[in-house]
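Colleague: Any chance you can model this:
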Amino acid sequence: MKNKLVLVVAATAMCALPMVSAAQSGQRPADAGNRETIKERFEAKKETFQANIASRTESIKNSVEERRQKAAGKIEERIDGFVQNVIERFNAAANRLDIIASRIESRIVKIEAKGIDESKAKDLLTKAKEKIQTAKSSIMLIGNNTSSTASSTIASTTADILREAFKNTKDQIENARKDLRSAHAALIDVVNSLKPGNNKLRSMETAASTTEATTTEDNQ
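Modeller: As a prediction, this is how the structure comes out:
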């Protein structure tokens, strides 16, 4: 009886082994599939996180650049306003010099009509007129920063471009101011070269001095 019982237990155990083995063999592919799914989800989340970080970084960068551009635009507007104001004042000064030169020329004609030689004054007046034209040409160059525009491609920032452009403009303003002063001084030389006794010309000299004072004030 005992032998039969042992045989039954042994037979049952042998029948169960293939089922356990089959269950184990079926469980391993499932576990591998789960691990693969978890890995894929992790990689997807990682990529999403990295994409969000890159997007936020780009957004911050664009925001900073936009604020920088706005600030640079306001600075540029102020510079343009300043430059236009200087140009208007310089042109007014040059026009006053033209008027003075015309009056001096008219006076020379009247003096020569009296038989007085004013050749020296006429020569000086011709040079003074040339200097007035030079001053006008210098005024026209103010704000014309073609060299700055050409170099803007190698400038590192917008601020660098504006800084370079304003430096060029300041140099142009200084050159125009020097030319205006030179033209003014040339007119004074014309007045001083006229023959003594023509007291009416002293009022012209005073007017020329007023022009010089105004030009100096406009550039302070």
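
Colleague: Contacts only, for the closest residue to residue 134 other than its chain neighbours.
Modeller: For residue 134, ignoring the flanking residues on the chain, the nearest one in space by Cβ to Cβ, 6 or more residues apart in numbering is residue 179 at 5.2 Å. Using the backbone N, CA and C atoms, a C-beta is placed for each residue, glycine as well. For residue 179, the contacting residues are 131, 134, 135, 138, by Cβ atoms under 8 Å, 6 or more residues apart in numbering.

Colleague: For the strand or helix carrying the third one, the averaged confidence score.
Modeller: In this case it means residue 135. Using DSSP states H and E, residue 135 maps to helix 119-141. The average pLDDT for helix 119-141 rounds to 95.

Colleague: how about that helix: buried residues?
Modeller: Neighbour counts over helix 119-141 (16 or more other Cβ atoms under 10 Å) mark 121-122, 124-125, 128-129, 131-132, 134-136, 138-139, 141 as buried.

Colleague: okay, these in CSV with distance to residue 91 next?
Modeller: Listed next are the buried residues of helix 119-141 as CSV, based on distance: Cβ to Cβ, whole Å:
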residue, distance to residue 91
121, 27
122, 27
124, 24
125, 21
128, 18
129, 17
131, 16
132, 12
134, 14
135, 10
136, 8
138, 11
139, 6
141, 13
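
Colleague: Tell me how many other residues surround the closest residue to residue 120 other than its chain neighbours.
Modeller: Spatially, and ignoring its direct neighbours in sequence, residue 120 is nearest to residue 193 (5.2 Å; Cβ to Cβ, 6+ apart). By other Cβ atoms under 10 Å, the residues close to residue 193 number 16.

Colleague: Quick one: residues contacting residue 193.
Modeller: 120, 121, 124.

Colleague: Which pLDDT value does the model give it?
Modeller: Model confidence at residue 193 (pLDDT) stands at 89.

Colleague: if we can go back for a sec, I'd like to know which of the contacts of residue 179 is nearest to residue 36.
Modeller: Minimum distance to residue 36 across the contacts of residue 179 is 78.3 Å, recorded for residue 138 (Cβ to Cβ).
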